[in-house]
Each structure stands twice: as structure tokens, then as C-alpha cells.
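Here's a sequence, model it:
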Amino acid sequence: MSQNTKGKLSLVGLSLMIFTTVFGFGNIPVAFYQMGYGCIPWYIIGALLFFLPFAFMVTEMGSAFKDEKGGIYSWMSEAVNPTFAFVGTFMWYASYVIWMVSVANKILIPMVNLIFGNSTHTPLHYFGFQLQL
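As a prediction, the model looks like this:
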């Protein structure tokens, strides 16, 4: 790796980051568990109907504000105002905490089932009700 490209993000890396952020790794085992191989055409339809327009939208915003260096905040501050831009950006990034917990549950539970077979956890009981996980 040459010195001038060290530490730079490639287009493929950025595309994969956007894909996994929007789609998420956690949806793959859930869809496969519920539909089997029948989920593959739905992935393709989802890519055409969601990710392609999403990519066009992000590309349009990036080209419209190509001199800006701040991403979402810069786009929103120019489109609406800096206060809404701050609130929108804060909400966007604060949601990642909830997203990470959700992804961890959706990945770790199927991984434990893959390693140990069926789920052998003890059902939870609260206030006389049994919670099914």
C-alpha cells in the first residue's frame, strides 16, 4: 500500500458501509429463517426498489453540495436551517446506539443456535407472564 492511499476510504468500502447501515446484517438470518431460499428474489427486488433510489438520492445531495465537507449536517443546514440540521444529525447518530443493540441480538442469537443447536434458554417469567424470546 502506498503512502498516499494509506488511511483513505475506497468507493467499495463506502458502498458496503452504506449498504450494511441501511439494510443491516441482522436482517439476513431473520429473512433466511423465515423464508429460506425464497428470500433471495426479495433481496434483489429490495435492492432495485430501495437501494438504487437511495443511492441516487445520496449522489444528488453529494453533488449539489460538493464544496461542503460535513455530510448530513451540511446538507440539512443549507436546505432548512442550522438548528434543524443539528437536531436531525444528532437523532441520526444517536439512533446508532439502539441499532447496535438490535444488530447484536439478531446476530448473536442465531450464532448460538448454529453452535449449540436449538435454543436452550430458560423462558423468562415476569409478573406471572411467560415471555417468549
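
burial count for the closest residue to Ile72 other than its chain neighbours?
Leaving aside its chain neighbours, Ile72 sits nearest to Thr89 (5.2 Å; criterion: C-beta to C-beta, 6 or more residues apart in numbering). (Each C-beta comes from the backbone N, C-alpha and C, glycine too.) Each residue near Thr89 was counted by other C-beta atoms under 10 Å, and the total is 18.

Please apply the same query to Phe51.
Neighbour number of Phe51 under other C-beta under 10 Å is 16.

Also the one 5 residues further on?
For Phe56, the neighbour count with other C-beta under 10 Å is 10.

List the residues that contact it.
Going by C-beta atoms under 8 Å, 6 or more residues apart in numbering, Phe56 touches no other residue.

And Tyr43, how close does it get to Met100?
Going from Tyr43 to Met100 by C-beta to C-beta, to the nearest Å gives 23 Å.

Comparing those two, which residue is more hemmed in?
Between Tyr43 and Met100, counting by other C-beta under 10 Å, Tyr43 is the more crowded of the two (14 against 10).

who touches the more buried one in this structure?
Applying C-beta under 8 Å, 6+ apart to Tyr43 gives the contacts Ala31.

What is the distance between the top helix by length along the chain and the centre of its chain?
Criterion DSSP state H: the longest helix present in the chain is helix 82-116. Computed by C-alpha atoms, centre = their mean, to the nearest Å, the chain-centroid distance of helix 82-116 equals 8 Å.

what about that helix, average pLDDT?
The average pLDDT within helix 82-116 is 82.
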